[in-house]
Structure formats: C-alpha cells, structure tokens
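Visitor: Task: produce atomic coordinates for the following.
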Amino acid sequence: MDTNKISPSKIGPVNLVAENEEPYPSLSDYHDYEPNLEFDDSELHQSPNAVVTTAEFIQIESNGMGSPVSDFTEDNFEEELAEAIDENFDSLMFLSSYPAVGEATGPEQYSEIAKYGIVDVKGDDSVGRKIIVVYACKLPPIKQIDHTLFLSYLKYTLENYVKQDYSLIYFHFGLNSKNKPSLGWLVQAYKAFDRNYKKNLKALYLVHPTSFLKFVSQIFRPLISAKFGKKLNYINSLKELNDFVPVDKLDIPSAIIEHDKKLGGTLQPLPVVNNLLGPVLPTQQFGVTLQFIRDHYNVLIPPVVSQCVEYLDQPDALETEGIFRRSANANKVRSLKEIANAGQSLTFEDPHEAAVLLKKFLRDLKEPLLTYELYDEIVQFQSWNKDEQLRQVSILVMEKLPEDNYKLLKYIISFLSRVMERSDLNKMNAQNLAVVFGPNLVWSELVSMSLAAIGPINMFTQFLLQHHNEIFMI
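Guide: Presented below is the predicted three-dimensional model:
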C-alpha cells in the first residue's frame, strides 16, 4: 500500500484536459493527487485579522520556531509542519510586509548566484517549448546564499522565456534542512511570479517527489486555483521523465542519477538525437542533413520549410499575435512530420502548427544550420568589439557557412524580417524571435545547451535579424 497517496475524496475532482490545448499527458493514473498551483485573486478572502507584519513574523521566528520548514527532516516533518501551520500558516498566507523582490537590472549582480548552476535553460522540447530546469541538489547551504537575490535572479532568468510556452522541470533530490528555503520565502516566491509567469507554463514536472514535497503542495492549496492541476506531473524516475523530455538534454548531475538507481530507476540508453525509427526513407526531411534533402529532392530549400513559410507569409498568419511563441497539438505536429517525411504536401489548420513544424525541422537537423564548427565562435559573440561585429558576423555567414546552409539561412532570415515588419500586431520583434530561433540554429556537438550558451546565441541571432540587409545584401 502506498502510504504517500492522499484520498481523492479529500482533494476533490481535477479536470485534467484544458480547453483548446493538449497539455502533456497527465500522470493521474500513477498519482491520485495533483495540487492546483495557479494564483487566482478571486479565490482569496482575506480576513482583516489575517495579516502578519514583518516584525510579527520575525518575532515568530525568534520565539524558537524559526522558519516553519527550516528544520524538517523526512522523518519528523509531518508532525512539526502541522503544528507550525495550525499556529501560523493562516496569517502567513496573507503576509503583506514581506520584503519585495527588486527588479532585475543585468547579469553582473547575479554572478554569485549563477555560479551554482541551480537554474538552467535547455533548448526546446519535442513540441517547441523552452525547457527550464531547477536542481535542488545545487542549492548551497542557507548561510551561503541570499535567497531574496536568488528569487530576483529566478525572475531575471525567466523573463526572456515566459512570453512563450515553456516547460519547467524541478529535480527535488538534494533538498534538505541545510539548504531548504523557508516557508516565508516560498510565499514570497509565489507572490513574485504573477500571471505573466504562470499563464504560458504548459508543463511542470516534479522529479523524484517525496512525501514532504506533496505535503507542502497540499498546504499551499488555500493560495491557489484549480487551473494548475492540468499542468503538474509527479515523475518518479528518469525513465518516466524521458517519455516527456529527452533527459540527455538536461545535464542531470550524477548524484541524481545515482539516487534514481537506488529508487529502482532503469533508464535505458537514450535514443539517437534525430529520433528516427526504422530505415531512412528517400523522402526523409526530418533528422537528416541538408545535403541528403538536396540530393533526393533536387532543391536548395527543403519542401517542409518552403511550405511552412508560404503558409505563414499570408497576412492572417503573419499577423497572428504570439506566432512562434505558442505550442501546437503534439499529435497534429507528429502527423505533419510523418506527412513531410513521406514527401507529401502539408495542410495546416492554424499558424501555430506551421510555426512549430518549422522550428522542429531546424531542431531535428542532423547538424545545426549554423554548423557545429561555428558554435565556439558564436558563443563568443559578446566578447567581440562592437565596431567589428558586423564585419565578423558577415565573414562567418558569407564565407564560413557551406553554400546549402547559407541559402537556407538567408531564406529563413528574410522571412523572419517580414515577421518583424508586422511586430505591431504579432508582437515578435528581433529580440523575441532571437529567443525562439537562436537555440534552434546552433548548438554544440559535445555539450548540451545551457543558460550560459543561450545568452550569446540569442544575442548573435538578434544581431543577425537586425542587420540582415547588410549581412545578406537582401
């Protein structure tokens, strides 16, 4: 009998299918409790006597109680946490004077936080959503980190990605009494991440959840609405996670891998990056090289690219707000991919299908469009002298790219320039497009995508878009 399960009768029914979208499959067959973690102001009914000031909260801690969760272990947390909640949690829910999180100004102030690698961005998942990863095991001891600054760093890191659909993976292993943030900090974090951060989060994976994590999720229910239950998944093993997101992209620390093995995890060798099944067809377009496509189709621009661009170039599609930011129905994208690989013409039902398929084609190329060879130069973009950037980028694109790659890159950038021209309607300027396309144009053959690399890659792509006329002489 699983003692960690909570009776459904205590939780109430949860609708696991969102209207007009197909979220990642829910794991409700494995867990009968999925907490609801999306804020809804209308559900808060604040009592006039329910506000606790900062001074009162400090007094609570000075009375020997400390942070309500600071000293918990997996053995004693239920008894101690229940006692803390009974006495203080109702007022803590409406904590009004907790220090505010400052606005982010730049990466320099976060160097001491960034060095730990607690948060990372790992490119796109199978349906074009950015993957953001948080590793609890990389949290340093409480005395070694400013948690308010850490929260500000989290906001700064996510700002570039929350305007588009994204997935968040939280590896819970490694959180303990020495590095665990306080319950007050969790409330502060929840308040800091408003709807702008929550609405485009399409999937949250809690990997290796403990009874502690589920219990904390349970007590936070007074703060939150029902919408988030559709997005949250408890993941018990890396093998299970790999069904949703290829774990080879995630740079999983060895300690987490060993923990997974102790829990009985049996992650098999990962599939090859292009995910091809069976023999390569002569009509294959996904997961092969540009040379392969040119040899078999006798064209410079792959048919799947030209068909996506031609559809998206129509005014109604080109002016779609959030084009390239939204995900599409996963089954439909999979079906379109199979049609393209069979060499057949594509029919799209909405612009997001074509946008996701175009990104997926670039991401699935056997070698990135900007090639493995140029990766090291591109990630050094920020160190280039600004007066020399245009010349260096032009040399890189015009002289160092193979001709097939250059022709396709010019075609795509020319199309994206037309997207930018309608940014007043589609909200996709050069910066936004760079965030979306940068990691799909270049990546390393040797290391997985990381936050440290994505920054300069995005800046390089933004420069490419802003100066496309000079670089490509269009």
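
Visitor: Can you spell out the domain ranges of the chain, please?
Guide: 8-101+111-262, 290-472 (automatic domain parsing).

Visitor: residue contacts, Leu396?
Guide: Residues in contact with Leu396, defined by CB atoms under 8 Å, 6 or more residues apart in numbering, are 374, 377-378. Yep, even glycine has a C-beta here, placed from its N, CA and C like the rest.

Visitor: Save the domains of the chain as a markdown table, and put in mean pLDDT and distance to Pro282 too.
Guide: A markdown table is the format used below for the domains of the chain (pLDDT from 0 to 100; distance: least, CB to CB, whole Å):
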| stretch | mean pLDDT | distance to Pro282 |
| --- | --- | --- |
| domain 8-101+111-262 | 66 | 25 |
| domain 290-472 | 94 | 5 |
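
Visitor: Let me see the ranges of the strands in the stretch 151-300 of the chain.
Guide: For the stretch 151-300 of the chain, applying DSSP state E, counting those that start in this stretch gives strands covering 166-171, 201-207, 224-225, 232-235.

Visitor: can the ones you listed go into TSV with extra columns for mean neighbour count?
Guide: Converted to TSV, these look like this (neighbours: other CB atoms under 10 Å):
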stretch	mean neighbour count
strand 166-171	23
strand 201-207	22
strand 224-225	18
strand 232-235	24
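
Visitor: circling back: pipe the domains of the chain into JSON lines and attach distance to Thr283 per row.
Guide: Shown next, in JSON lines, are the domains of the chain (distance: least, CB to CB, whole Å):
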{"stretch": "domain 8-101+111-262", "distance to Thr283": "21"}
{"stretch": "domain 290-472", "distance to Thr283": "3"}
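
Visitor: top of the contacts of Leu396 by neighbour count?
Guide: Ile378 (22 neighbours; other CB atoms under 10 Å).

Visitor: separation between Val305 and Val162?
Guide: Computed as CB to CB, to the nearest Å, the Val305 to Val162 distance reads 28 Å.

Visitor: Pick out the residue nearest the middle of this structure.
Guide: Ile131 (2.8 Å; CA atoms, centre = their mean).

Visitor: Quick check: the gap between that residue and Leu204.
Guide: For Ile131, the distance to Leu204 - CB to CB - is 12 Å.

Visitor: where do the contact lists of those two overlap?
Guide: Common contacts of Ile131 and Leu204 (CB under 8 Å, 6+ apart): 167, 169.

Visitor: Quick check: phi and psi at Leu300.
Guide: phi -90, psi -30 (degrees, to the nearest 10).

Visitor: And for Gln344?
Guide: The phi/psi pair for Gln344 (degrees, to the nearest 10) is phi -100, psi 160.

Visitor: do the same with Val356
Guide: Dihedral angles for Val356 - degrees, to the nearest 10 - are phi -70, psi -40.

Visitor: Hmm, Val333 and it touching each other?
Guide: Yes: the pair Val356 / Val333 is scored as a contact, 5.4 Å apart, by CB atoms under 8 Å.
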